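> 3D model of this:
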Amino acid sequence: MEKLVKDKLDEVGLKEKDLEKCLLEYELKEKQFWLKEKSFKKRFTEFELEEKASKERLRDREFSVKKREDEVKSMEKLVKNKLEEVGLKEKDLEKCLMEYELKEEQFGLKEKDLEKCLREYELKEEQFGLKENSFEKRFMEFEMEEKASKERL
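Prediction:
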C-alpha cells in the first residue's frame, strides 16, 4: 500500500512537472505574441509614415493614379497578413491555455485519487491497530487463565 501511495505521489509529481512545462511554454508563447504585436505596431507605424511619404511624393511628382492604387493594395495586403499572423498566434495561445486547464483538471483528479487511497490506507491501519489490541487483550486473558490454572494445580 505504501508503494502504491509512493507511486501515486511520483505520478502526481510528474504531472505537476508537465503542468509547469506547459505553463512555461504558455508564458514563452505569450511573450512571443507580445513581441510580434510590438513588431506589428512598429511596422504599422512605419507603414503609415511610408504611406504618407509616398502620397507626398506622388502628389509632388504627379505619379499616376494606378501606381498609388498598387502601393495601397500592397500595404493593405501586408497589414492583412500581419493581422492573420497575430490571429494565428492568438489561437495558439488559446490552445495552450486550454491544454493547461485540462492538465490542471487532470492533476486535481489524480490528487483526489491519491487522497482517497491515503484515507483507505489510514482506515486499514486503524483497523489493524484495533485487531492488534484485541489480540493482545485475548493473549493477556489466556496468560491469566493459564496462570490461574497452574495455581489450581
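> now the helix or strand containing Lys29: mean pLDDT?
Assigned by DSSP states H and E, Lys29 belongs to helix 2-61. Across helix 2-61, pLDDT averages out at 90.
> just stretch 145-153 next, same as before
Average pLDDT, stretch 145-153: 86.
> quick one on the thing from earlier: which other helices and strands does the helix holding Lys29 contact?
helix 65-152 (3 or more Cβ pairs under 8 Å, 6 or more residues apart in numbering; DSSP states H and E). Using the backbone N, CA and C atoms, a C-beta is placed for each residue, glycine as well.
> now stretch 140-150: how far from the chain's centre is it?
65 Å (Cα atoms, centre = their mean, to the nearest Å).
> typo on my end, stretch 91-106
Centroid displacement of stretch 91-106 relative to its chain, using Cα atoms, centre = their mean, is 6 Å.
> mind listing what's buried in it?
Neighbour counts using 16 or more other Cβ atoms under 10 Å place Cys96, Tyr100, Lys103 of stretch 91-106 among the buried residues.
> which residue sits closest to the residue most central in space within the chain, ignoring its sequence neighbours?
Centroid-nearest residue in the chain: Tyr100, 2.9 Å away (criterion: Cα atoms, centre = their mean). Spatially, and ignoring its direct neighbours in sequence, Tyr100 is nearest to Cys22 (4.9 Å; Cβ to Cβ, 6 or more residues apart in numbering).
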